[in-house]
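>>> Return atomic coordinates for the entry below.
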Amino acid sequence: MGLVPDTSVLIDAEPRGQSVEQLVDRLRFALGDAESAISAITVIELTHGIFSARGAGSRERRRVFTEDVFSGLVVHPVSLPIAQLAGQIEGEQAAKGISIAVEDLLIGATALHLGFDVATLNVKHFRLIPGLKTVTL
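Next up is the predicted model:
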């Protein structure tokens, strides 16, 4: 059992001055001594946040925080099995008229592939993925 923090959880920690170590402690508190990892999609979203920041100070704070995230948590790539699972989920949900943002879909598929839950502040989006458990912190 493990936990994949969604980008929303990470973004919430940065402006509050929470360190990656404190964030990992929060994740462990939520699920016990479980493994935590992030999706490569989260790397894209966090990096986007660095370069879209207004002002050099904000950009630097985000850069330092994201580098800590990348060094403190395992990053899982979007592998062939994860991509296939995401395609299956997207196809099955689309057939029911349900649309899932590709970023959430890939983060959710990563968690399902690993047998992990997703920690998120955006439960509404992740509940669209069948079989995925969400944890709110």
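>>> Give me the buried positions along stretch 35-52.
Across stretch 35-52, burial judged by 16 or more other C-beta atoms under 10 Å covers Ser36, Ala37, Ile38, Ser39, Ile41, Thr42, Val43, Glu45, Leu46, Gly49, Ile50. (C-beta placed from N, C-alpha, C; glycine too.)
>>> now, which of those residues lie within strands?
Taking DSSP state E, the ones among these that sit in strands are Ser36, Ala37, Ile38, Ser39.
>>> between these, which is closest to Pro81?
Ser39 (13.4 Å; C-beta to C-beta).
>>> how much space between that closest one and Pro77?
Distance, Ser39 to Pro77, by C-beta to C-beta, to the nearest Å: 8 Å.
>>> For this protein, which residues score under the pLDDT cut-off?
30-31, 33 (pLDDT under 70).
>>> Now with 90, please.
For the chain, the stretches with pLDDT under 90 are 1-3, 9-36, 61, 68-69, 71-73, 135-137.
>>> can you count the residues close to Val9?
24 (other C-beta atoms under 10 Å).
>>> Chain neighbours aside, what residue packs nearest to it?
Using C-beta to C-beta, 6 or more residues apart in numbering and skipping the chain neighbours, the partner closest in space to Val9 is Ala119 (5.0 Å).
>>> if I pick Leu85, what's in contact with it?
Applying C-beta atoms under 8 Å, 6 or more residues apart in numbering, we find Leu85 in contact with Ala109, Leu112, His113.
>>> ok, and the most crowded of those?
That'd be Ala109 among these, by other C-beta under 10 Å, with 27 neighbours.
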